[in-house]
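Asks: Pasting the sequence and the predicted coordinates here, then a few questions.
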Protein chains: 2
Amino acid sequence: MTASPATGPLAISFDDVKAARERINGVAHVTPVLTSRTADAMAGASLFFKAENLQRVGAFKFRGAYNAISRLSPEQKKRGVIAFSSGNHAQGIALAAQLLGAPATIVMPHDAPAVKLAATRGYGAEVVIYERGKEDRDAIGKRLAAERGLELIPPFNHVDIMAGQGTAVLEMFEQMEEMGGVPDVLFVPLGGGGLLSGAATVAKALNPACRVIGVEPEAGNDGQRSLAEGKLVEIAVPRTLADGAQTQCLGTLTFPVLQALVEKVVTVSDAQLVEAMKFMASRMKVLVEPTGCLGIAAAFAAGEDIAGKRVGIVISGGNVDLASFAELCLKGAA
Amino acid sequence: MTASPATGPLAISFDDVKAARERINGVAHVTPVLTSRTADAMAGASLFFKAENLQRVGAFKFRGAYNAISRLSPEQKKRGVIAFSSGNHAQGIALAAQLLGAPATIVMPHDAPAVKLAATRGYGAEVVIYERGKEDRDAIGKRLAAERGLELIPPFNHVDIMAGQGTAVLEMFEQMEEMGGVPDVLFVPLGGGGLLSGAATVAKALNPACRVIGVEPEAGNDGQRSLAEGKLVEIAVPRTLADGAQTQCLGTLTFPVLQALVEKVVTVSDAQLVEAMKFMASRMKVLVEPTGCLGIAAAFAAGEDIAGKRVGIVISGGNVDLASFAELCLKGAA
């Protein structure tokens, strides 16, 4: 697949990412870049893992959330922010809002894991529960936003979110430069495209020859299809262990960036995700959630395509329930 | 307990640790120092976790092994090294020897986990198996060393091992300095005292007021008793999940350093180790082996003793079999 050239200006620029980095500086963790001789031998390439599972709230989502909320006016912050999410975006928004003194309201489905409800409340957010299947999340959110004057922060289709997520890869390029050179190839998990659009913006600015590859779960390849068909393709909620990549459609802002800057989107199976998860735990001693394994699994499957190259891989997060993790380690993917 | 002053010069000095650092520079990983607001809230203090589970071979042991082997003469290196160990020391020696071009022989019991045998062989070492209970490990090792002219590298009672392990804490002090200040208190896992003697040497040189606390498993408190009685106390092999701290006695070189520089030794139970292991995985996204949790569990149990302080904790390693880890997460300590 070749990327089609974009026809208009893209939603974010490298300068936006650099500005975002100034905002999150000293607040977000500078996460380490991990390496492993064993992983290199398995892949036949030099792999560099950007460990955003060690980021605050356990995922890169904190970066975009903090960047977005820090750009609100004092009045907007005072009224507060709202987000729909049962995942890492919710926790990112909750913590960022708390740190920036903005009240946060998070709309979550009634069947969200208790541990995620508790974590989100633990960051001081008000959680509003809706009944999935019976109530309309968007309607509830819009009503609350209107009634209370809250700023809605979407999970990916937002310039400040996209630029904020890109800071993970800006940091990674700087760290890899010190470790001998920037990446030739970059593997990035793909859900709605917030992280991938930010990552591609940075990669192409700092090394125009860098190949940027998005990775989706096999069951949820809407991004791959969207790029192939040249238009946004929407799919049903995919069944996959990669719960952070269950988005049904890319965003109107993220898609053109991907079209312009991403070489291709590849997919991996749930079984590959579990294998990657086990490798990361047993050999590299880090817990990675299934979604966070997308780039890792793709790199291990890439073979000749990356032979001898310097390969950057973004580990997006580590928020997997410990009991589920243990069961996957013992039994594998269902 | 107050530390008795040492009567002679100690086996290692801060200069030895600095020299060791020059030798391992660029070879050992500079492991990250992790922090967590949640951990801080639980402990009522500011905790800084030096993640040596992310070190090469998954444990700090690589530091001492590399330092010791790099000090051998070209002739000694050519003949090779030998170590007795079924644990992290074996893997540290095997990898360090491989990197320095020295053949390594590792003497391991017949019932060592297959995964550890495979890992040690994977680093290019020759593994010599002996039958635990029937054969005398020391006799086998001495015979092999004599026959082949091999240099025996003990796991802790050796100046280059002690100085090498200390580099983990030297690095940690520098990293914490950049994060706002060096530790007031330091918790360090204690087996034979290699790591703790190196750590205390660094801590007292860089912050004489720093309180250095060793941590042993409840079942294996030979170090605590040795300090209390003012002489080396030997115990039977303790039954504990902390398999890296099953040493029966401190070393003749490590003990005087501990007497001079360590404030006290505390103990934690296996159940506390499992709780700490689960916390580190679920909240901090890193895999820590039970022995590596000694300092963490002690800090969580310290209460008023560390209230409001800056607390450095050495995570010594992450080499726990993934199935065992998963079972401990699901069932807890036996």
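Replies: Thanks, I have the structure now.

Asks: Can you tell me the element the residue nearest the centre of chain A falls in?
Replies: Centroid-nearest residue in chain A: A:L195, 4.7 Å away (criterion: CA atoms, centre = their mean). Per DSSP states H and E: A:L195 is located in helix A:194-206.

Asks: Restricting to C-alpha, output that helix in CSV.
Replies: Extracted in CSV, the C-alpha atoms of helix A:194-206 (Å, rounded to 0.1, in the frame of the first residue of the first chain):
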residue,chain,number,x,y,z
GLY,A,194,-4.4,9.6,17.9
LEU,A,195,-1.1,8.1,18.8
LEU,A,196,-0.2,7.0,15.3
SER,A,197,-0.9,10.5,13.8
GLY,A,198,1.3,12.1,16.4
ALA,A,199,4.0,9.5,16.0
ALA,A,200,4.0,9.8,12.2
THR,A,201,4.2,13.6,12.4
VAL,A,202,7.3,13.3,14.6
ALA,A,203,8.9,10.5,12.7
LYS,A,204,8.7,12.1,9.3
ALA,A,205,9.9,15.4,10.7
LEU,A,206,13.0,13.9,12.3
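
Asks: next SSE after it?
Replies: Counting by DSSP H and E, what follows helix A:194-206 is strand A:211-217.

Asks: elements contacting the helix holding A:L195?
Replies: Judged by 3 or more CB pairs under 8 Å, 6 or more residues apart in numbering or on different chains; DSSP states H and E, helix A:194-206 is in contact with helix A:14-24, helix A:159-178, strand A:185-189, strand A:211-217, helix A:254-261, strand A:310-315. C-betas here are computed from N, CA, C, even on glycine.

Asks: Does anything pack onto the shortest one? Which helices or strands?
Replies: Helices and strands touching strand A:185-189, by 3+ CB pairs under 8 Å, 6+ apart, are helix A:194-206, strand A:211-217, helix A:294-301, strand A:310-315.

Asks: okay, the angle between it and helix A:194-206?
Replies: What separates the directions of strand A:185-189 and helix A:194-206 is an angle of 160 degrees, with axes from the mean of the first three to the mean of the last three CA atoms, to 10 degrees.

Asks: which residues are contacting strand A:185-189?
Replies: Here strand A:185-189 makes contact (CB atoms under 8 Å, 6 or more residues apart in numbering or on different chains) with A:45, A:169, A:195-196, A:199-200, A:203, A:210-215, A:242, A:244-245, A:291-292, A:294-296, A:298-299, A:302, A:306, A:309-314, A:316.

Asks: domain ranges for chain A?
Replies: Using automatic domain parsing, the domains assigned to chain A come out as A:3-60+A:159-331, A:61-152.

Asks: for those, which one ends up most surrounded?
Replies: Ranked by mean neighbour count, the domains of chain A are led by domain A:3-60+A:159-331 with a mean of 22 (mean count of other CB atoms under 10 Å in any protein chain shown).

Asks: With B:V57 as the reference, measure out to the closest residue to chain B within the stretch 151-300 of chain A.
Replies: Closest contact between the stretch 151-300 of chain A and chain B, by CB to the nearest CB, is at A:K285 (3.4 Å). Distance of A:K285 to B:V57, computed by CB to CB, to the nearest Å: 11 Å.

Asks: Which of the helices or strands spans the residue lying farthest from the centre of chain A?
Replies: Relative to the mean C-alpha coordinate of chain A, counting by CA atoms, centre = their mean, the farthest residue is A:E147 (30.3 Å). Secondary-structure assignment from DSSP H and E places A:E147 in helix A:137-148.
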